[in-house]
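**Q** My questions are about this predicted structure, shown below with the sequence.
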Amino acid sequence: MNVITTLSAKRRERQMKYERSLLRELSIQSLKKSVQEHFGSQRIEGGVWLEQGIEEGCYDVAIEAFILGAQYSRFGHYGEPIDVIKKRCEKEFKHLTDTLFNFWLYWTFGEQNFIQESLFFACEQFVDKWWLEGYRQAEKRRKLRLH
């Protein structure tokens, strides 16, 4: 008796395999360094446990942005400019930025508008950096025929 598999299950399995192979090239040290560069000046009250929790939340968003950039890199392979590709995933990009910003607002209790504005720009740059990193990594894998 044969096992029947659906197309969506196969597609999901192939996507998971691709994401795992991409994430092998991502290092925790580069994530940690990026969090320090973008959010090192933010004031966190609550001790070491809270700082580790916030870092891990930033790692999650960075990984999601990395994978998003890698998924949309296929359009670059077909000749689309990067600014057009970014417009394609604008909704997801905005969602990741807002998620990270709201996460920071929740844990830092920021009340002043100029602090919130600078925090939003830091979140936007952080997500953009990791989206671009994922895009470049997938583009490199495609050129080496590792996709």
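**A** Ah, there it is.

**Q** going forward, measure contacts and count neighbours with C-alpha atoms only.
**A** Will do.

**Q** Backbone dihedrals for Arg24, please?
**A** Dihedral pair for Arg24: phi -60, psi -30, per degrees, to the nearest 10.

**Q** Now do the contacts for it.
**A** Arg24 makes contact with no residue, according to CA atoms under 8 Å, 6 or more residues apart in numbering.

**Q** Leaving out sequence neighbours, find the closest residue to Ala122.
**A** Among residues not flanking Ala122 along the chain, His38 sits closest, at 5.8 Å (CA to CA, 6 or more residues apart in numbering).

**Q** Ok, Phe126 next?
**A** Nearest to Phe126 is His38, by CA to CA, 6+ apart, at 6.5 Å.

**Q** In contact with that neighbour: list those residues for me.
**A** Neighbour list for His38: 122-123, 125-126 [criterion: CA under 8 Å, 6+ apart].

**Q** which of those residues count as buried?
**A** 122-123, 126 (16 or more other CA atoms under 10 Å).

**Q** Kindly indicate which of these lies nearest Phe101.
**A** Cys123 (6.0 Å; CA to CA).

**Q** Show me what the helix or strand in which that closest one is found is packed up against.
**A** Remark: Cys123 resides in helix 113-143, with elements defined by DSSP states H and E. Helices and strands touching helix 113-143, by 3 or more CA pairs under 8 Å, 6 or more residues apart in numbering; DSSP states H and E, are helix 28-39, helix 48-77, helix 90-108.
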